[in-house]
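**Q** Quick one: sequence and predicted model below, then my questions.
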Amino acid sequence: MAGSGEEKNGGVAAVSGGVEDAYGEDRATEDQPITPWAVCVARYTWGVFHFQFNLSWCFNQASFDYTVKIVMPCHFRAFSGHSLLRDPRHNKGLSFTEKERDAHYLRGLLPPVVLSQELQEKRLLQNVRQFEVPLQRYMALMDLQERNERLFYKLLVDHVEELLPVVYTPTVGEACQKYGSIFRRPQGLYISLKEKGRILEVLRNWPEKSIQVIVVTDGERILGLGDLGCQGMGIPVGKLALYSALGGVRPSACLPITIDVGTNNEDLLKDEFYIGLRQKRATGQEYSELLDEFMSAVRQNYGQKVLVQFEDFANHNAFALLEKYREIHLVFNDDIQGTAAVVLAGLIAALKSVGGSLGDHTFLFFGAGEAGTGIAELVALAISRQSKISIDEARNKIWLVDSKGLVVRSREETLQPFKKRYAHEHEPIKDLLGVVQAIRPTALIGSAGVARSFTKEVVEAMSSINKRPIILALSNPTSQSECTAEQAYSWSQGHAIFGSGSPFDPVKYNNKVFVPAQANNAYIFPGLGLGVVISGAIRVTDEMVLAAAEGLAEQAWLVISLAPKIS
Ligand SMILES: O=C([O-])CC(=O)C(=O)O
Ligand SMILES: [Mg+2]
């Protein structure tokens, strides 16, 4: 399970100590330099080329072209001096040994010093820490990833807590907002409406052929920041960095994709540095045809065992795409299923302090989109299993609030299908405080992307109803969080069990230090995805998501109970 100490170590070992070999790819590592074998292949290819050249009469033109244009440049690009230093996947920078420098024609291309990877790491960390602005740290790390991938992952794995908020939430949100201005080199595959009818061809342009995980977005709902169009690419790139750093999936098996169908973000459409299609979003048939073509091209190019993770699609497409593809492709929606699993895990772990089983509690969701209803459905499934009641009875323990107020039966006609199951009998209430007072929930879970919507009055109401109110402010990034950790602890006088989507620092209140938990799907998707790909699964089932949540809950509880009490 991603996020557990054990798994993280597994990930560390995997990334720094040769996961590539476990997955069957040859690659330079500290203990296993590419030297002799690689050079042999390169020289062999060169020899073959000469042989073919001299005896070209026995080869037809196609074979000759293949050797000259494809085989030879590939080997020489990957294995010779200058190009090797420009190849992030194999470059080791100053840590190339003397032997490697000779073998790979690197003499003179590097200064004389040979640095250990540890020293390189120390220097890089110092450089990154020099930047005070998180976006500058992000750019420094992206530069490193594009220069020396091994070092990037070593750094990330060894300093997860410090660097995750930089390559991932919350900084990645700002990076997406400014992606056009900070853009240097493309980091993933862009599939736009211009490529309609040619998506297979586009996939074949990607240099890696053996892909295990794709994270794809259409950029319409990037975190809680809204439509960022093509600039949403930062999200698949960040998510896949975690697949490698936390899940141990080899980087070359990960493919970030952005599907560009336009954007409705007027500011971006006017922005001279915007990198995407300058048009309003395609919808309806045009949109679904592009997505259908994409899914079949993925299947055709990579087979049925490549995991496609949908990320940050707007609600109206996210549910529909999951429903459409989950029975026929290996797909997973991180915002619906990943967030659901991490929150269910958090709730199960929290109940060990609060008491009672899931079925004894009342859950109020502020936000009835992908995350809100995704969590609601998984919690309902868990309650029905635990309490041996029907899923409909279990849903009665769960209430939703959307932008129009409490979701109730009298609104049923106008509700989107995924909300209807939670339209219980009750008088309509518009404001959150009123809903809290009427429903008296034990847990309040925010995912509406409405910043600071858990006001002092709301948190105080939760505390007057419960000895230990569970308050989860899940919206990302930090700027969109429903309340801060400090607000949750101080307004509840230290009684809240608080978790948030974006990380918050520990809070000192009443001479005690409270360490807030992070409830981000990053604790689920790298482990769940790894499990899916190594088991050879061809579908992601609800049972898998439930099992991931239960596994994480055990780990979370272990961490809480083993952690030294800080006071
Ligand atoms: O990316 C994150 O931090 C969590 C997530 O999926 C989202 O907020 O959409
Ligand atoms: Mg997301």
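**A** Thanks, I have the structure now. Ligands and ions are numbered 1, 2, ... in the order given.
**Q** Would you agree residue 257 falls within a helix?
**A** No. Under DSSP: H, G, I helix; E, B strand; the rest coil, residue 257 falls outside any helix and is assigned strand.
**Q** Residue 379 contacts residue 346, correct?
**A** No. The criterion here is Cβ atoms under 8 Å, and residue 379 misses it with residue 346 at 10.8 Å. For the C-beta atoms, the positions are set from N, CA and C on the backbone; glycine is no exception.
**Q** Would you mind giving me the confidence score for whatever residue of the chain ends up closest to ligand 1?
**A** Residue of the chain nearest ligand 1, by Cβ to the nearest ligand atom: residue 169 (3.2 Å). Residue 169 is assigned 97 on the pLDDT scale.
**Q** cool, and residue 55?
**A** Value for residue 55, per-residue pLDDT: 33.
**Q** who in the stretch 451-567 of the chain is up against ligand 1?
**A** Residues of the stretch 451-567 of the chain lying close to ligand 1 (Cβ under 6 Å from any ligand atom) are 476, 501, 520, 521.
**Q** cutoff 5 Å now
**A** When proximity is defined by Cβ under 5 Å from any ligand atom, the stretch 451-567 of the chain lies next to ligand 1 at 476, 521.
**Q** Next, count neighbours for the residue nearest to residue 276 when sequence neighbours are not counted.
**A** Nearest-residue entry for residue 276: residue 230, 2.6 Å, with adjacent residues in sequence omitted and distances by Cβ to Cβ, 6 or more residues apart in numbering. Around residue 230 there are 25 other residues, counting by other Cβ atoms under 10 Å.
**Q** Please apply the same query to the one 5 residues further on.
**A** The number of residues packed near residue 235 is 27, by other Cβ under 10 Å.
**Q** how about the host helix or strand of it: buried residues?
**A** Counting by DSSP states H and E, the element that carries residue 235 is helix 234-245. Neighbour counts using 16 or more other Cβ atoms under 10 Å place 234, 235, 236, 237, 238, 239, 240, 241, 242, 243, 244, 245 of helix 234-245 among the buried residues.
**Q** which other helices and strands contact that helix?
**A** In terms of contacts (3 or more Cβ pairs under 8 Å, 6 or more residues apart in numbering; DSSP states H and E), helix 234-245 is packed against helix 5-17, helix 149-158, helix 160-167, helix 171-177, strand 213-217, strand 254-260, helix 525-535.
**Q** Next, see if that helix gets close to ligand 1.
**A** No. Helix 234-245 does not reach ligand 1 (Cβ under 5 Å from any ligand atom); its nearest approach is 6.4 Å.
**Q** quick one: that helix near ligand 2?
**A** No. Against ligand 2, helix 234-245 shows no contacts by Cβ under 5 Å from the ion, the least distance being 6.6 Å.
**Q** angle of that helix against helix 149-158?
**A** Calculated by axes from the mean of the first three to the mean of the last three Cα atoms, to 10 degrees, helix 234-245 forms an angle of 80 degrees with helix 149-158.
**Q** Tell me how far helix 234-245 lies from the chain's centre.
**A** Remark: helix 234-245 is offset 5 Å from the chain centroid, using Cα atoms, centre = their mean, to the nearest Å.
**Q** Around ligand 1, pick out the residues from this structure.
**A** 169, 223, 476, 521.
**Q** so which of those is the most crowded?
**A** Counting neighbours by other Cβ under 10 Å, the top entry in the residues of the chain next to ligand 1 is residue 521, with 29 neighbours.
**Q** that older thread, so which pair among the residues of the chain next to ligand 1 is furthest apart in space?
**A** Spanning the widest gap among the residues of the chain next to ligand 1 are 223 and 521, at 11.3 Å by Cβ to Cβ.
**Q** average pLDDT for the host helix or strand of residue 138?
**A** Assigned by DSSP H and E, residue 138 falls within helix 134-147. Taken as a whole, helix 134-147 has an average pLDDT of 97.
**Q** With stretch 91-101 instead?
**A** 96.
**Q** now the end-to-end length of that stretch.
**A** Using Cα to Cα, to the nearest Å, one end of stretch 91-101 lies 12 Å from the other.
**Q** Repeat that for stretch 304-318.
**A** 21 Å.
**Q** can you tell me if it touches ligand 2.
**A** Yes. Residues of stretch 304-318 are located near ligand 2 by Cβ under 5 Å from the ion, namely 311, 312.
**Q** what comes up buried for that stretch?
**A** Within stretch 304-318, judged by 16+ other Cβ under 10 Å, the buried ones are 306, 307, 308, 309, 310, 311, 312, 313, 314, 315, 317, 318.
**Q** and the residues you listed, which two are the farthest apart?
**A** Farthest pair in those, by Cβ to Cβ: 306 and 315, 25.4 Å.
**Q** near ligand 2, which residues of the chain?
**A** Residues of the chain lying near ligand 2 (Cβ under 5 Å from the ion): 311, 312, 335.
**Q** what's the average pLDDT for stretch 277-286?
**A** Rounded mean pLDDT across stretch 277-286 is 98.
**Q** Check stretch 253-266 too.
**A** The model assigns stretch 253-266 a mean pLDDT of 98.
**Q** Run the chain-centre distance for that stretch.
**A** 15 Å.
**Q** Quickly note the distance from residue 179 to residue 354.
**A** From residue 179 across to residue 354, the span is 41 Å (Cβ to Cβ, to the nearest Å).
**Q** swap that for residue 497, please
**A** Distance of residue 497 to residue 354, computed by Cβ to Cβ: 7 Å.
**Q** Pull up the overlap in contacts between the two.
**A** Counting by Cβ atoms under 8 Å, 6 or more residues apart in numbering, the common neighbours of residue 497 and residue 354 are 468, 470.
**Q** what's the distance between the spatially closest residue to residue 319 that is not a sequence neighbour and ligand 2?
**A** In space, residue 319 comes closest to residue 418 once its chain neighbours are excluded; the distance is 5.3 Å by Cβ to Cβ, 6+ apart. Separation of residue 418 from ligand 2 (Cβ to the ion, to the nearest Å) stands at 17 Å.
**Q** C-terminal to the strand or helix carrying residue 418, which secondary structure element comes first?
**A** If you go by DSSP H and E, residue 418 is part of helix 417-420. Once helix 417-420 ends, the next helix or strand along the chain (criterion: DSSP H and E) is helix 432-439.
**Q** from the chain's centre, how far out does that following helix sit?
**A** Distance, centroid of helix 432-439 to centroid of chain: 33 Å (Cα atoms, centre = their mean).
**Q** Buried residues of that helix, list them for me.
**A** Residues 432, 435, 436, 439 are the ones in helix 432-439 that count as buried (16+ other Cβ under 10 Å).
**Q** Wait, the second one touches residue 429, no?
**A** Yes. Assessed by Cβ under 8 Å, residue 435 is found in contact with residue 429 at 5.0 Å.
**Q** any common contacting residues for these two?
**A** Shared contacts of residue 435 and residue 429, defined by Cβ under 8 Å, 6+ apart, are found at 405, 406.
**Q** Tell me the confidence at the closest residue to residue 486 other than its chain neighbours?
**A** Spatial nearest neighbour of residue 486, excluding adjacent residues (Cβ to Cβ, 6+ apart): residue 507 at 4.8 Å. On pLDDT, residue 507 comes in at 96.
**Q** So residue 507 is in contact with residue 516, correct?
**A** Yes. The criterion here is Cβ under 8 Å, and residue 507 meets it with residue 516 at 6.9 Å.
**Q** Determine the residues that are contacts of both of those two.
**A** Residues touching both residue 507 and residue 516 (Cβ under 8 Å, 6+ apart): 485, 489.
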